[in-house]
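1. Build me a model from this:
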Amino acid sequence: MASRKTKKKEGGALRAQRASSNVFSNFEQTQIQEFKEAFTLMDQNRDGFIDKEDLKDTYASLGKINVKDDELDAMLKEATGPINFTMFLNLFGEKLNGTDTEETILNAFKMLDPDAKGKIHKDYIKRLLMSQADKMTAGEIDQLFQFASIDAAGNLDYKALSYIITHGEEKEE
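-> Below you'll find the model as predicted:
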């Protein structure tokens, strides 16, 4: 006879699977593989679920041993059920969902590039980002520029930056 905890996990896994059965379509195959590796690292006891003990062990492996139970409980409560890989992906999908599509970001940059060169001078972008709407600080912009491809003349390749913003890494050519 299965333990109560196992039955609870199985029921939650089915519920999680039904609730997010197409979550895999939200990510590219390489991203799914990276999430699987992260999940496997966090699933310390290798039972297919991330629980409070797994989180404690993960933090301990990173050198943080005094994590409070209420912090861990708050993390676990973000999920609607036990955290199997599908639920894990779903949680990341929700976190990453705040990012506009690559096409939307590209179109915004294109409005600043009337000659359609695919590049905009970094000083122009910096001036805009520090003076319009949700103003960014110089430090935040410098952080953004660390991920941007900027040529010797100071021109930012906004197509590459749009890809990095939406996919988290540069395309391998």
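
2. When you work out contacts or count neighbours from here on, use the C-alpha atoms and nothing else.
-> Noted.

3. Any stretches of the chain with poor pLDDT?
-> Applying pLDDT under 70 to the chain picks out residues 1-22, 96-99, 169-173.

4. Helix, strand, or coil at the nearest residue to R46 once chain neighbours are set aside?
-> Nearest residue to R46, sequence neighbours excluded (CA to CA, 6 or more residues apart in numbering): T40, at 7.4 Å. Of the three states, T40 takes helix under DSSP: H, G, I helix; E, B strand; the rest coil.

5. ok, T40 to I50 distance?
-> Taking CA to CA, to the nearest Å as the measure, T40 falls 9 Å from I50.

6. again with L89
-> 12 Å.

7. returning to that earlier point: who has more neighbours out of T40 and I50?
-> I50 (23 against 17; other CA atoms under 10 Å).

8. so where do the helices sit in this protein?
-> 4-19, 29-42, 52-61, 69-77, 85-96, 102-111, 122-131, 138-146, 158-167 (DSSP state H).

9. Can you say which of those helices is nearest to A152?
-> In terms of CA to CA, the element of the helices of the chain nearest to A152 is helix 122-131, at 11.0 Å.

10. Would you indicate which residues of that closest one are buried?
-> Within helix 122-131, the residues that count as buried by 16 or more other CA atoms under 10 Å are 122, 126, 129.

11. Pick the one among the residues you listed closest to N155.
-> Looking across these and measuring by CA to CA, the closest to N155 is K122, at 5.7 Å.

12. The closest one contacts A152, correct?
-> No. Taking CA atoms under 8 Å as the definition, K122 is not a contact partner of A152, at 11.0 Å.

13. got any residues that touch both of these two?
-> Counting by CA atoms under 8 Å, 6 or more residues apart in numbering, K122 and A152 have no contacts in common.

14. and T30, how many neighbours does it have?
-> By other CA under 10 Å, 9 other residues sit near T30.

15. Over to F24?
-> F24 has 15 nearby residues by other CA under 10 Å.

16. Tell me who's in contact with Q31.
-> Taking CA under 8 Å, 6+ apart, one finds nothing in contact with Q31.

17. Just name the most buried of the helices of the chain.
-> The highest mean neighbour count among those, using mean count of other CA atoms under 10 Å, belongs to helix 158-167: a mean of 19.
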